[in-house]
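Student: Sequence plus predicted model, see below.
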Amino acid sequence: MRIAFFSAAASSALLIAGCTASDLPDQERVVAPILTSEQAFDEFTYARPLEARVTHVALDLDLDFEGRRVEGTATLDVQAAEDATEIVLDSNGLMIGGVTDGLGNELEFTVGEADPDNAEKGEPITVQLGEMTGPELQQVVISYASGPEAEALQWLSPEQTAGGEHPFVFSQGQAILNRTWIPTQDSPGIRQTWEARVTAPEPLTVVMSGISRGDPEPVEDADSDRRAFEFVMNNSVPPYLIAIAAGNLEFAELGPRSGVYAEPEMIEAAAEELGDTEELIDAGIELFGEYRWGRYDMIILPPAFPYGGMENPVMTFLTPTFIAGDRSNNGLIAHELAHSWSGNLTTYASWRDGWLNEGVTSYIENRISEEVYGEQRAEQEYALSYASLEEAVENAGADNPNTAMRSPDEISPFDTVGPAIYDKGTVFLRTVENIVGREEFDAWLTAWFDNHAFQPVTSEMMLADMRENLIGDNPELEEQLMLDEWVYGTGIPDNALAPDPAAFADADAAAQAYAADGNLPEAGAWESWTAASQRRFLENLPETLSDEQLATLNETLRLSESGNNEVLFLWLEAALRNEYDPAVDQARSFLSTVGRNKFVAPLFRAMWETGDWGQPIATDLYARTRGGYHSYTRGNVDEIVGYSNEG
Ligand code: BES
Ligand code: ZN
């Protein structure tokens with residue numbers, strides 16, 4: 001099967017593919033181990049890495065904005081067991097033109113059937129290996145293009161950008177979406193180094209989650225107005241961390257190690273909001289050791305980006321909705337930066353150990369926030385996490401398997417994002433820290449990162465390490481910590497460290513007063529509160545509110561004018577669940593630009609659950625906004641409103 005869709009640029013790249021893969025001496029690249037324990041097993045990959053595995057990926061791609069696809073080649077360095085005859089890669093809708101070795105000899109390949117019980121897993125590409133003698137013969141070169149539905153890639157029309165003139169594209173690889181645009185072994189336990197050469201039409205700038213090799217070069221083809229950008233990542237990373245974005249971008253330097261990319265319309269506000277970045281990096285280093293990635297840059301994406309942030313190495317991807325003008329949502333930056341230790345340096349081998357990335361990161365986020373923004377803010381954020389965990393456990397039931405930190409086996413990799421992972425992880429580690437003492441705990445966690453740098457890890461490895469290096473021969477301490485209950489058990493273990501009840505003295509007293517006799521805080525007092533206090537108050541509003549109450553709330557606290565999207569979101573949610581007509585226009589315009597799932601899904605749910613009032617509004621709105629949402633957000637809202645393509 002051969003498909004004739006390759007551009008001149010891509011096919012000429014084919015001829016030199018053998019030398020693009022490795023212009024670095026081999027000894028600079030450390031091949032990370034593959035874990036073989038039961039806990040490390042990833043059922044969401046077709047790869048059989050013990051037989052043959054990818055160690056390095058070299059991409060040579062063109063971004064095709066008209067066709068909304070990437071096309072070109074991926075050259076994979078393969079390490080195979082002596083008796084291995086084939087290598088299995090992951091694909092999801094990729095269109096494969098052909099496969100050769102590094103010298104251009106054709107290799108046989110098949111694209112298998114998708115697993116009917118596990119459609120998101122995609123389909124396997126099985127390549128017959130050739131001789132495997134000599135470096136080029138240990139390469140597999142795949143000519144391909146992404147398919148029309150490639151879910152990792154979101155192609156935005158100019159209207160979806162701040163400037164309104166140029167298209168934009170970004171990728172979101174985590175959890176298992178990168179197989180829709182990169183043919184490799186897409187499993188977090190199979191670490192790979194990578195490099196890329198990517199072309200895009202002028203004046204677009206391409207950024208990736210690797211170090212930029214220098215200035216872009218014009219592509220030398222006749223009548224081409226394209227430029228080529230090159231990137232390299234010499235640290236082996238889980239493949240979900242390979243990321244790309246391209247648009248009309250400007251760069252603002254924030255400090256010696258950091259900077260931000262954004263559309264020109266956003267760059268000033270972005271640079272101002274991110275003014276604490278160098279301090280945040282210093283705090284991370286001070287707490288948990290060396291920053292091993294070189295630079296820490298960020299990109300502000302258009303509001304369609306489905307997450308708050310994504311920790312792509314050296315290039316955190318961010319929603320513009322965190323910008324509040326007062327840095328009050330910068331816990332998000334602390335969070336994505338914290339992944340430089342937990343998640344990117346040490347990575348879960350299996351999606352079921354979500355807490356090893358996200359729970360540990362939420363804990364470190366809080367510690368970094370404390371260093372940079374002070375104890376009060378950290379205490380408040382901890383109290384919000386604790387409340388969110390309590391609420392989740394209350395709703396699910398304390399014996400619900402989904403409240404265990406190591407997720408049950410049927411869980412989708414995309415669903416390992418709830419409070420049982422983020423908030424329970426924070427509370428767990430704060431509890432341990434509190435019992436063993438901060439100094440010892442920090443020394444242990446720093447050593448954990450050092451000893452497992454650039455390696456996959458599992459729950460049982462973490463717990464064994466705690467027992468060996470933190471607990472030692474101390475049965476009392478072992479009993480006090482309740483480690484297994486935290487990780488494998490459901491609900492909230494008895495030894496959980498409760499938040500300081502004084503953290504939200506203002507907001508909690510105000511919420512009580514409001515519930516008791518309808519008294520609201522003075523506008524002046526409200527404005528002097530931290531954003532976290534405002535959130536706390538709004539999260540504790542009575543479920544049911546009358547139109548009159550909502551009108552007074554909004555008039556007094558000016559909620560619909562809040563510059564903080566977290567606050568605005570909580571207002572809209574309360575208004576919609578109470579069928580408040582005056583809020584509908586603002587909800588419509590918010591949902592027409594913002595695609596962040598954390599905001600979009602609950603607002604549609606709030607409308608939907610009212611029944612007759614909200615369902616027609618939601619249906620009508622969704623028909624217009626659905627196309628602008630990322631596949632992740634779309635999938636979630638589809639479920640809420642029962643959307644079906646056939647319908
Ligand atoms: N890595 C996650 C996002 C993610 C997790 C994507 C699992 C796909 C699967 C990212 O670091 C994250 O946690 N983002 C949060 C940040 C928040 C907790 C501060 C978000 O986007 O809301
Ligand atoms: Zn995270």
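Tutor: Structure received. Note that the coordinates shown come from a computational prediction; the quantities given were computed from them, not determined experimentally. Ligands and ions are numbered 1, 2, ... in the order given.
Student: Kindly report the residues of the stretch 151-300 of the chain close to ligand 1.
Tutor: 174-175 (C-beta under 6 Å from any ligand atom). (Each C-beta comes from the backbone N, C-alpha and C, glycine too.)
Student: Skip ahead from the helix or strand where Tyr144 lies and say which helix or strand is next.
Tutor: In the assignment (DSSP states H and E), Tyr144 maps to strand 139-145. Next in sequence after strand 139-145, counting helices and strands by DSSP H and E, comes strand 153-156.
Student: got a pLDDT number for the closest residue to Leu301 other than its chain neighbours?
Tutor: Leaving aside its sequence neighbours, Leu301 sits nearest to Phe170 (C-beta to C-beta, 6 or more residues apart in numbering; 5.4 Å). According to the prediction, Phe170 has pLDDT 98.
Student: right, and Glu485 touches Pro493 too?
Tutor: Yes: between Glu485 and Pro493 there is a contact at 4.6 Å, judged by C-beta atoms under 8 Å.
Student: Which residues are in contact with the residue lying closest to Gly595 once chain neighbours are set aside?
Tutor: Leaving aside its sequence neighbours, Gly595 sits nearest to Ala304 (C-beta to C-beta, 6+ apart; 3.9 Å). Shown here is Ala304, whose contacts under the criterion C-beta atoms under 8 Å, 6 or more residues apart in numbering are 154, 156, 160, 593-595, 628-630.
Student: secondary structure element for Ala304?
Tutor: Counting by DSSP H and E, Ala304 is found in no helix or strand.
Student: What residues does Ser328 make contact with?
Tutor: By C-beta under 8 Å, 6+ apart, Ser328 lies in contact with 530-532, 564.
Student: measure the spatially closest residue to Thr85 that is not a sequence neighbour to Gly210 for me?
Tutor: Counting by C-beta to C-beta, 6+ apart, Thr85 lies nearest to Leu129, which is 6.0 Å off, once chain neighbours are set aside. According to C-beta to C-beta, to the nearest Å, Leu129 stands 27 Å off from Gly210.
Student: Which of the two has more residues huddled nearby?
Tutor: Each of Leu129 and Gly210 has its neighbours counted (other C-beta atoms under 10 Å); Gly210 has more, 27 against 19.
Student: Surely the more buried one and Phe229 touch.
Tutor: No: the pair Gly210 / Phe229 is not scored as a contact, 10.4 Å apart, by C-beta under 8 Å.
Student: Find residues that contact each of those two.
Tutor: Going by C-beta under 8 Å, 6+ apart, no residue sits against Gly210 while also sitting against Phe229.
Student: ok, back up a step: may I ask which of the contacts of Ser328 has the most neighbours?
Tutor: If you rank these by neighbour count (other C-beta under 10 Å), Ala532 sits at the top with 22 neighbours.
Student: near ligand 2, which residues of this protein show up?
Tutor: Within reach of ligand 2 by C-beta under 5 Å from the ion, the chain has these residues: 358, 361.
Student: Which helix or strand in the chain has the lowest average pLDDT?
Tutor: Least confident helix or strand, the chain: helix 8-20 with a mean of 33, by mean pLDDT, DSSP states H and E.
Student: which residues are contacting the helix or strand hosting Gln376?
Tutor: Using DSSP H and E, Gln376 maps to helix 375-396. Identification of contacts with helix 375-396 by C-beta under 8 Å, 6+ apart yields 331, 362, 366-367, 369-370, 400, 402-403, 418-420, 422-424, 426-427, 430, 491-492, 496, 498-500, 503-504, 530, 532-533, 535-536, 539.
Student: Show me what the most centrally placed residue in the chain bridges to in the sheet.
Tutor: Centroid-nearest residue in the chain: Met310, 3.5 Å away (criterion: C-alpha atoms, centre = their mean). Here Met310 sits in beta bridges with Phe317, as judged by DSSP bridges.
Student: Verify the stated contact: it with Leu301.
Tutor: No: counting by C-beta under 8 Å, Met310 does not reach Leu301; the two are 9.2 Å apart.
Student: what's the overlap in contacts for those two?
Tutor: By C-beta under 8 Å, 6+ apart, Met310 and Leu301 have these common neighbours: Phe317.
Student: For this protein, which residues score under the pLDDT cut-off?
Tutor: 1-28, 222, 645-647 (pLDDT under 70).
Student: one more time with 50
Tutor: Within the chain, the ranges that satisfy pLDDT under 50 run 1-24, 26-27, 647.
Student: Those residues of it touching ligand 1, which are they?
Tutor: 174-175, 307-311, 331-332, 335-336, 339, 358, 414, 416-417, 422, 598.
Student: among the residues you listed, which are in helices?
Tutor: 331-332, 335-336, 358, 422, 598 (DSSP state H).
Student: Take those residues and lay them out in TSV including neighbour count.
Tutor: Shown next, in TSV, are those (neighbours: other C-beta atoms under 10 Å):
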residue	neighbour count
Gly331	23
Leu332	18
His335	22
Glu336	25
Glu358	26
Tyr422	25
Lys598	18
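Student: out of those residues, who's nearest Glu468?
Tutor: Of all those, Glu468 sits closest to Glu358, with 24.3 Å by C-beta to C-beta.
Student: And the residue of the stretch 51-200 of the chain that's closest to ligand 2?
Tutor: Gln174 (8.9 Å; C-beta to the ion).
Student: what number of residues lie near the closest residue to that residue other than its chain neighbours?
Tutor: Excluding the flanking residues, the one nearest Gln174 by C-beta to C-beta, 6+ apart is Tyr240, at 4.4 Å. When counting by other C-beta under 10 Å, one arrives at 24 neighbours for Tyr240.
Student: same check, this time on Leu156
Tutor: 22.
Student: wait, it sits on Gly163?
Tutor: No: applying C-beta under 8 Å, one finds Leu156 not in contact with Gly163, separated by 11.1 Å.
Student: so how far is Glu478 from the closest residue to Val436 other than its chain neighbours?
Tutor: In space, Val436 comes closest to Leu470 once its chain neighbours are excluded; the distance is 6.0 Å by C-beta to C-beta, 6+ apart. Look at Leu470 and Glu478: by C-beta to C-beta, they are 10 Å apart.
Student: Looking at the two, which is more packed in?
Tutor: Under the criterion of other C-beta under 10 Å, the comparison of Leu470 against Glu478 puts Leu470 first, with 21 against 15.
Student: any idea how far that one lies from Ala304?
Tutor: Where Ala304 is concerned, Leu470 sits at a distance of 43 Å (C-beta to C-beta).
Student: what do you get for Thr199?
Tutor: Going from Thr199 to Ala304 by C-beta to C-beta gives 23 Å.
Student: and if you look at Tyr629?
Tutor: Shown here: Tyr629 relative to Ala304, a distance of 7 Å by C-beta to C-beta.
Student: any common contacting residues for the two?
Tutor: Common neighbours of Tyr629 and Ala304 (C-beta under 8 Å, 6+ apart) are Gly595.
Student: For the contacts of Ala304, which single residue is the most surrounded?
Tutor: Gly595 (28 neighbours).
Student: part of a strand, is that residue?
Tutor: No: according to DSSP: H, G, I helix; E, B strand; the rest coil, Gly595 belongs to no strand; its state is coil.
Student: ranges for the strands of the stretch 151-300 of the chain?
Tutor: 153-156, 168-171, 192-201, 205-208, 211-212, 217-218, 226-237, 244-247, 250-253, 258-262, 296-300 (DSSP state E, counting those that start in this stretch).
Student: Turn these into JSON lines, columns for distance to Arg577.
Tutor: Converted to JSON lines, the strands of the stretch 151-300 of the chain look like this (distance: least, C-beta to C-beta, whole Å):
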{"stretch": "strand 153-156", "distance to Arg577": "29"}
{"stretch": "strand 168-171", "distance to Arg577": "32"}
{"stretch": "strand 192-201", "distance to Arg577": "43"}
{"stretch": "strand 205-208", "distance to Arg577": "39"}
{"stretch": "strand 211-212", "distance to Arg577": "46"}
{"stretch": "strand 217-218", "distance to Arg577": "54"}
{"stretch": "strand 226-237", "distance to Arg577": "41"}
{"stretch": "strand 244-247", "distance to Arg577": "35"}
{"stretch": "strand 250-253", "distance to Arg577": "40"}
{"stretch": "strand 258-262", "distance to Arg577": "34"}
{"stretch": "strand 296-300", "distance to Arg577": "31"}
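Student: Perfect, I'm done here.
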